[in-house]
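**Student:** sequence first, then the predicted structure:
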Amino acid sequence: MSSPEQSSPSAVIGVLTISDRASAGEYADRGGPAILEYLNDVMATPFETVHRITPDDLSTIKEVLLEMAEIDQCCLIITTGGTGPSPRDVTPEATEAVCEKMMPGFGELMRQVSLKKVPTAILSRQVAGIRGKTLIVNLPGQPKAIRECLDAVFPAIPYCIELMEGPYLETNPEFITAFRPAKK
Amino acid sequence: MSSPEQSSPSAVIGVLTISDRASAGEYADRGGPAILEYLNDVMATPFETVHRITPDDLSTIKEVLLEMAEIDQCCLIITTGGTGPSPRDVTPEATEAVCEKMMPGFGELMRQVSLKKVPTAILSRQVAGIRGKTLIVNLPGQPKAIRECLDAVFPAIPYCIELMEGPYLETNPEFITAFRPAKK
Amino acid sequence: MSSPEQSSPSAVIGVLTISDRASAGEYADRGGPAILEYLNDVMATPFETVHRITPDDLSTIKEVLLEMAEIDQCCLIITTGGTGPSPRDVTPEATEAVCEKMMPGFGELMRQVSLKKVPTAILSRQVAGIRGKTLIVNLPGQPKAIRECLDAVFPAIPYCIELMEGPYLETNPEFITAFRPAKK
């Protein structure tokens, strides 16, 4: 928890870097810091973060996602890495395995946005889903793609977490505007 | 069956409102009537409708979908409600559970169309699939979204049902034009 | 193997026509030849092809896909046919059954591209996935749709196969440009 000084009930957001090389220290994790920087930019509500790094191993990823969801009580976990077609890429499979509900719109929109930049965006198998009161969103590994994917989906995340009965999150309108439909 | 006077073999279309509150009478069902009104506008072929309301309960929804498919012999069932990320939202799970084949293009297109209106369109987990000779299509709960989603997918529905060996449906070109590829 | 004269390690590409009528000889296979013609146009790397025709039978399709993946060692299998909503259409189910990983971006993009032509594009349930070192991509049955779908996804295929540790494929820039991100 990087910001234990927040008031309760505070929002806890998990960031999970999934990479054999970053996990072994052979390679600096760039995806995790890019997500943390993004969160610091866009979040107006105080929040704590939990940042972990795992290798591209199915059972380890599942275990860490479950710990972040159930012990750390993250309302949101953002992963980076492991979404491609390489033999070791198993992040979407691990995510589906721990989720009770899948949210196909997230992956569809992120691939659409990335497709405007590179035709290989279709190789990203990223998914999003819900485990209990935790929304899990996969992002690609490339730091450049992280901001463009989050810019696309983050406006829907605070309302999603509200519908999931999680904390009420507000965003910094200088960066993005969280959308909430008008009350009926 | 609201229109028992139709000629045989008539098309039976099911409308299923899925909502705890509408089911308990705490809330007027607005989605179901919006779908019925839409069908009356667009269908040129005579048809009967079966309209039911269920709570957001997985096994009840599955049971009602099966009854509408197998006993009422609906060629099409359109559901409204229960597609979001709330803990009680289980319409897509119930739909998948009774379907033999999924039709991913329906959900993709409806989310794309809704995304032009609201960034929270990605929260709708709506799916479509086939159970025997019944096409089941989930729509969101908001009456406003119903017409825009149906306008997007309905042009493909008559040909879909024809390929599924169901009744030949014609639409009112004043509203939408059912598309059928030229015969090879 | 239509071109056994290639140098080793050569790329083997499988083409699988899935059609009851083409398989029974009642109907000329037009999808398979359209894919072969496309490959001859776009591939700059020497390659061999394996072309097979099967009926729309789930277990037969699975068996043939496994033979093409494991015995013929295809790095890529392109199927045509069997992706619609007809009772006999089971190509996506057979593909999912033999794949370890699904690649949702392929189907999404191909449906998007086809939607610009016909509203019934949403009826195509085509998927793509990975079995070991084989990428399997479903295409619709209509020869016209084959070229437009391949034009959309082929630029990403050589990099996909490279990430899957398969052969290094190059394309003919007169037709399409295979995209590979700059090395980090």
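**Tutor:** Cool, got the structure.
**Student:** distance of the closest residue to chain C within chain A relative to residue A:94?
**Tutor:** Nearest to chain C in chain A, going by CB to the nearest CB, is residue A:122, at a distance of 3.2 Å. Every C-beta, even on glycine, is put in place using the N, C-alpha and C of the backbone. Distance check for residue A:122 against residue A:94: by CB to CB, to the nearest Å, it reads 21 Å.
**Student:** same check on residue A:64?
**Tutor:** Residue A:64 sits at a distance of 9 Å from residue A:94 (criterion: CB to CB).
**Student:** for those two, indicate the residue with more neighbours.
**Tutor:** Taking other CB atoms under 10 Å in any protein chain shown, residue A:64 and residue A:94 do not tie; residue A:94 has more neighbours (27 against 22).
**Student:** per-residue pLDDT, that one?
**Tutor:** Residue-level confidence at residue A:94 comes out at 98, pLDDT.
**Student:** separation between it and residue A:66?
**Tutor:** As defined by CB to CB, residue A:94 lies at a distance of 10 Å from residue A:66.
**Student:** now the residue positioned nearest the centre of chain A, what's its secondary structure?
**Tutor:** When chain A is reduced to its mean C-alpha position, the closest residue under CA atoms, centre = their mean turns out to be residue A:78, at 1.5 Å. Reduced to three states with DSSP: H, G, I helix; E, B strand; the rest coil, the structure at residue A:78 is strand.
**Student:** beta-bridge partners for it, please?
**Tutor:** Residue A:78 has the following beta-bridge partners by DSSP bridges: residue A:15, residue A:137.
**Student:** tell me the angle the helix or strand harbouring residue A:63 makes with strand A:76-80.
**Tutor:** With secondary structure defined by DSSP states H and E, residue A:63 is part of helix A:58-66. Counting by axes from the mean of the first three to the mean of the last three CA atoms, to 10 degrees, helix A:58-66 points 150 degrees away from the direction of strand A:76-80.
**Student:** tell me which residues are up against the helix or strand where residue A:53 lies.
**Tutor:** Take DSSP H and E as the rule and residue A:53 turns out to sit in strand A:47-54. Surrounding strand A:47-54, the residues in contact under the criterion CB atoms under 8 Å, 6 or more residues apart in numbering or on different chains are A:1-4, A:6, A:10-19, A:22-23, A:29, A:32, A:36, A:39, A:60-61, A:64, A:68, A:72, A:74, A:169.
**Student:** for ChimeraX, what selects the buried ones among those?
**Tutor:** Typed into ChimeraX, the next command selects the buried ones out of the contacts of strand A:47-54 (criterion: 16 or more other CB atoms under 10 Å in any protein chain shown):
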select /A:10,11,12,13,14,15,16,17,18,19,22,23,29,32,36,39,61,64,68,72,74,169
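**Student:** the contacts of strand A:47-54 in helices, which ones?
**Tutor:** A:22, A:23, A:32, A:36, A:39, A:60, A:61, A:64 (DSSP state H).
**Student:** distance of the closest residue to the third one other than its chain neighbours from chain B?
**Tutor:** Counting by CB to CB, 6 or more residues apart in numbering or on different chains, residue A:32 lies nearest to residue A:17, which is 4.0 Å off, once chain neighbours are set aside. According to CB to the nearest CB, to the nearest Å, residue A:17 and chain B sit 24 Å apart.
**Student:** ok, now residue A:139?
**Tutor:** The spacing between residue A:139 and chain B, counted by CB to the nearest CB, is 14 Å.
**Student:** quick one: neighbours of that residue, just the number.
**Tutor:** When counting by other CB under 10 Å, one arrives at 30 neighbours for residue A:139.
**Student:** stretch A:151-167 near chain B anywhere?
**Tutor:** Yes: shown here: stretch A:151-167 in contact with chain B (CB under 8 Å from any CB of the partner chain) through A:153, A:155, A:156, A:159, A:160, A:163, A:164, A:165.
**Student:** quick one: secondary structure of the fourth one?
**Tutor:** Translated: residue A:159. helix.
**Student:** surely it touches residue B:118?
**Tutor:** No: if you go by CB atoms under 8 Å, residue A:159 and residue B:118 don't touch, sitting 9.5 Å apart.
**Student:** quick one on the thing from earlier: residues contacting the residue of chain A closest to chain C?
**Tutor:** Listed by CB under 8 Å, 6+ apart, the contact set of residue A:122 reads A:111, A:115, C:103, C:105, C:106, C:108, C:109, C:153, C:156.
**Student:** how about the first one, nearest residue that isn't a chain neighbour?
**Tutor:** When you say that, I think you mean residue A:111. Excluding the flanking residues, the one nearest residue A:111 by CB to CB, 6+ apart is residue C:105, at 4.8 Å.
**Student:** my guess is that neighbour meets residue A:120, correct?
**Tutor:** No: with contact defined as CB under 8 Å, residue C:105 does not count as touching residue A:120 (9.3 Å).
**Student:** compute the number of surrounding residues for the residue of chain A found nearest chain B.
**Tutor:** Each residue of chain A has a distance to chain B, by CB to the nearest CB, and the smallest belongs to residue A:105, at 3.2 Å. Here the count is done by other CB under 10 Å, and residue A:105 has 25 residues near it.
**Student:** is it possible to get TSV of the ones in helices among the contacts of strand A:47-54 that adds pLDDT and distance to residue B:180?
**Tutor:** Formatted as TSV, the entries for those read as follows, by pLDDT from 0 to 100; distance: CB to CB, whole Å:
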residue	pLDDT	distance to residue B:180
A:22	95	53
A:23	95	54
A:32	97	52
A:36	98	53
A:39	98	50
A:60	98	51
A:61	98	46
A:64	98	51
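**Student:** thinking again about what came up before, tell me the pLDDT at the residue nearest to residue A:32?
**Tutor:** Taking residue A:17 on its own, its pLDDT is 98.
**Student:** low-confidence ranges, chain A, go.
**Tutor:** Across chain A, the stretches falling below the confidence threshold (pLDDT under 70) are A:1-9, A:183-184.
**Student:** report the buried residues of stretch A:39-49.
**Tutor:** A:39, A:42, A:43, A:47, A:48, A:49.
**Student:** farthest-apart pair in these, please.
**Tutor:** Spatially, the most separated pair among the buried residues of stretch A:39-49 is A:42 and A:48, at 15.6 Å (CB to CB).
**Student:** no more questions from me, cheers.
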